[in-house]
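Below are the sequence and a predicted model; questions follow.
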Amino acid sequence: MRLALVRVLVVATLIGSAVDLAGSAVAQDGPAPPPDTVSVTLTEALVQALEASPEVDRRRAQRRLAAARREEARANRFLADVSLDVASSFAPGLTDFGDEASNVPEDLQYLHPSRQNDWSIDALRPFGRLEIAARQPLWTWGELSGNIRAARHGVDVETARVDQKALEVAARAGKTYYNLLLTKELDRLADRTQDVIDRAKREINRLLDEGDESVSQADLFQTRLTEEETKRRIVEIDQNRATARSALRRQLFLPDGTTVVPAADELQPLSFSVHPDSLDYYVKRGLQNRPEVEQAEAGVKAREALVDVAQSDYYPKIGVQASLSQSITLPERPNPDNAFVGDSYMGTGTRTGIGIQQNLNFGQTEARVDQAKAELEEVKHQQTAAQQLVHFEVEEAYRSLITAKANVESRDRSITIAGEWLRTEQVNFDLDLGDTEDLVKAVRADLEARARYLEAVKQYNVAVLNLLQATGTLADRARTGTLLETEE
């Protein structure tokens, strides 16, 4: 009986060390009502977060803006400037000839000196003018083509920014998922501990009632203190779990009141094998897939195109321009059919020809070229920095994964060792060869090993996600359903 009591008390006392690990998983928050429950796998959580994220949608909107600018640049290749101007006003009437010139033919009335514009209020009449003008560039010395290339690469820059944000969102959702799964495991451990404490109290009270001298009121007080400490930590776990659940729900943008639960029943290490080529393979993958590198490369090409645009101002731009205008006054004024005389209030006009435009302020042109070259140099430095950043982050993620994997393996072996130690101490105690203190230490080691193993598994799974994020493949693997497949 004494052995059973010791075992019960030891397990009840040691739960505190396991529960302490839950506090680092998530921050505290208030309770959340759970009328509806949604079960999600890791892949489903990542895909849902990517589809619902306003951060990713914001970057997509910026990409659509860049695409619209690209189409605008392309449209400038043909009829770069087409305009329609319509104006309405009042035109003057015409004074009368008088009796001496009443017989002047209409097509010659404009020659008679007594025929003049009449600006009196009663003589004013409606006037309208319509003009259509079009300009087609023929040769711009790289201005048009440079703007088109810059706009096209601008779309590539925004596409890379979308991918970059998608990686961040997917990694954050994955970490939140495993925070929730860890609190689920620790909550299960805490429930088992509370059951142990309840049994311990009942057993001590029974022995005290029977007058067993192997127990005392001190044992009961110790158990009650342990119970209060466990209750406090159970509340902490519950709040941490509620916070993790709320965080995941917000990552998935589910309605308020929805309870999110991980589909996995237990926290298990991800099935992921490190590639045989090791670090070099992952660095290569990172340089190929990281959005930051793609963004920098597209930025360099865009800036090179803008340098060509700035340099085009050194040379004359050649183009064709045509315009057609129609002016009319009602009632109509006599319209002289004469090549040398025209009436601005009546008639049709057209102008067509080849034009040359040359910016003669070469000092300003040189300054703009220098600015474009400086911006190009800046982006080239950003490209170098992005490549170095990928090298660093991939190596850091890779080595963290190796460390986390070794930690999981070590914690797993620790569970085996602690279990063997505990069984040995139990046998020795049954044979009156052991010591109570040694048994307490063995139980503590066993429970701590199990709790730390759960934390190590969570850290390992997060390390896998970090490596996939560092190589730029996390979001794509989630969308294609290959997240848990080993890379060949």
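Sure, I can see it.

got a list of what the residue nearest the centre of the chain touches?
For the chain, the residue nearest the mean C-alpha position is residue 165 (2.4 Å; Cα atoms, centre = their mean). Remark: with contacts taken as Cβ atoms under 8 Å, 6 or more residues apart in numbering, residue 165 is in contact with 53, 55-56, 58-59. Quick note: C-beta positions are derived from backbone N, CA and C, even for glycine.

for the nearest residue to residue 261 once chain neighbours are set aside, helix, strand, or coil?
In space, and not counting its chain neighbours, residue 261 is closest to residue 39: 5.2 Å by Cβ to Cβ, 6 or more residues apart in numbering. Counting by DSSP: H, G, I helix; E, B strand; the rest coil, the backbone at residue 39 sits in strand.

how near is the residue nearest to the centre of the chain to residue 288?
19 Å (Cβ to Cβ, to the nearest Å).

now the helices: where do they sit in the stretch 251-400 of the chain?
Using DSSP state H, counting those that start in this stretch, the helices found in the stretch 251-400 of the chain span residues 278-289, 291-311, 362-430.

just to revisit the earlier point, okay, and which of the contacts of residue 165 map to helices?
55-56, 58-59 (DSSP state H).

Going by neighbour count, which of the residues you listed comes out on top?
In terms of neighbours by other Cβ atoms under 10 Å, those top out with residue 56 at 22 neighbours.

That one contacts residue 164, correct?
No - here residue 56 does not reach residue 164: they are 9.8 Å apart, not a contact under Cβ atoms under 8 Å.

quick one: the closest residue to residue 37 other than its chain neighbours from residue 245, how far?
Spatial nearest neighbour of residue 37, chain neighbours left out: residue 259 (4.6 Å); criterion: Cβ to Cβ, 6+ apart. Residue 259 sits 6 Å away from residue 245, going by Cβ to Cβ.

neighbour count winner among those two?
residue 245 (24 against 17).

mind listing what's buried in the helix or strand hosting that one?
Assigned by DSSP states H and E, residue 245 belongs to helix 217-252. Within helix 217-252, the residues that count as buried by 16 or more other Cβ atoms under 10 Å are 219-220, 222-223, 226-227, 229-230, 233-234, 236-237, 239-249, 251-252.

Repeat that for stretch 341-350.
Buried, per 16+ other Cβ under 10 Å, within stretch 341-350: 345-346.

What lies in contact with that stretch?
So stretch 341-350 is contacted by 91-92, 110, 127, 322-329, 332-333, 335-336 (Cβ under 8 Å, 6+ apart).

ok, now stretch 140-156?
Outside stretch 140-156, the residues touching it (Cβ under 8 Å, 6+ apart) are 63, 66-67, 69-70, 72-74, 76-77, 80, 137, 294-295, 298-299, 301-303, 305-309, 311-315, 317-318.

Can you name the next helix or strand after the longest strand along the chain?
Secondary structure of the chain per DSSP state E: the longest strand is strand 125-139. As assigned by DSSP H and E, the chain's next helix or strand after strand 125-139 is helix 143-210.

which regions of the stretch 101-250 of the chain sit below the pLDDT cut-off?
101-114, 193, 196, 214 (pLDDT under 70).

what do you get if the cut-off is 50, keeping everything else the same?
Scanning the stretch 101-250 of the chain for pLDDT under 50 picks out no residues.

For residue 453, which non-adjacent residue is spatially closest?
residue 411 is the one closest to residue 453 (Cβ to Cβ, 6+ apart), at 4.0 Å.

what does residue 365 give?
residue 313 (4.3 Å).

Quick check, pLDDT for that neighbour.
With respect to pLDDT, residue 313 scores 93.

show me the contacts for it.
Contacts for residue 313 were tallied using Cβ under 8 Å, 6+ apart; they are 143, 359, 365, 368.

what about the last one, neighbour count?
Read that as residue 368. Neighbour tally, residue 368, other Cβ under 10 Å: 16.

I figured it was touching residue 309, is that so?
No - Residue 368 is beyond contact range of residue 309, at 9.1 Å (criterion: Cβ under 8 Å).

packing partners for the longest strand of the chain?
Contacts defined by 3 or more Cβ pairs under 8 Å, 6 or more residues apart in numbering; DSSP states H and E place strand 125-139 against strand 81-91, strand 317-329.

Burial-wise, tell me which of the ones you listed comes out on top.
Among the helices and strands packed on strand 125-139, ranked by average contacts under mean count of other Cβ atoms under 10 Å, first place goes to strand 317-329 (a mean of 16).

per-residue confidence averaged over that strand?
92.

and if you look at stretch 471-486?
On average, stretch 471-486 scores 86.

list the buried ones in it?
Neighbour-count burial for stretch 471-486 [16+ other Cβ under 10 Å]: 471-479, 483.

Report the two of these separated the most.
Greatest spatial distance in these: 471 and 479, 15.4 Å, computed using Cβ to Cβ.

check contacts around residue 120.
Applying Cβ under 8 Å, 6+ apart, the residues near residue 120 are residue 93.

Please apply the same query to residue 386.
Shown in contact with residue 386 (Cβ under 8 Å, 6+ apart): 290, 292-293, 295-296.

One more pass at 10 Å, please.
Contacts for residue 386 (Cβ atoms under 10 Å, 6 or more residues apart in numbering) come out as 287, 290-297, 299.

What of residue 264?
Residues in contact with residue 264 (Cβ under 10 Å, 6+ apart) are 39-42, 177-178, 181, 184.

Take those residues and, keeping just the buried ones, write it as a ChimeraX select command.
In ChimeraX syntax, the buried subset of those is picked out as below (16+ other Cβ under 10 Å):
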select :40,42,177,178,181,184
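
May I see the domains of this structure written out as residue ranges?
Domains of the chain are assigned by automatic domain parsing as 2-72+145-305+365-479, 80-143+315-360.

just the ones you listed: most buried one?
By mean neighbour count, with neighbours taken as mean count of other Cβ under 10 Å, domain 2-72+145-305+365-479 ranks first of the domains of the chain at a mean of 18.
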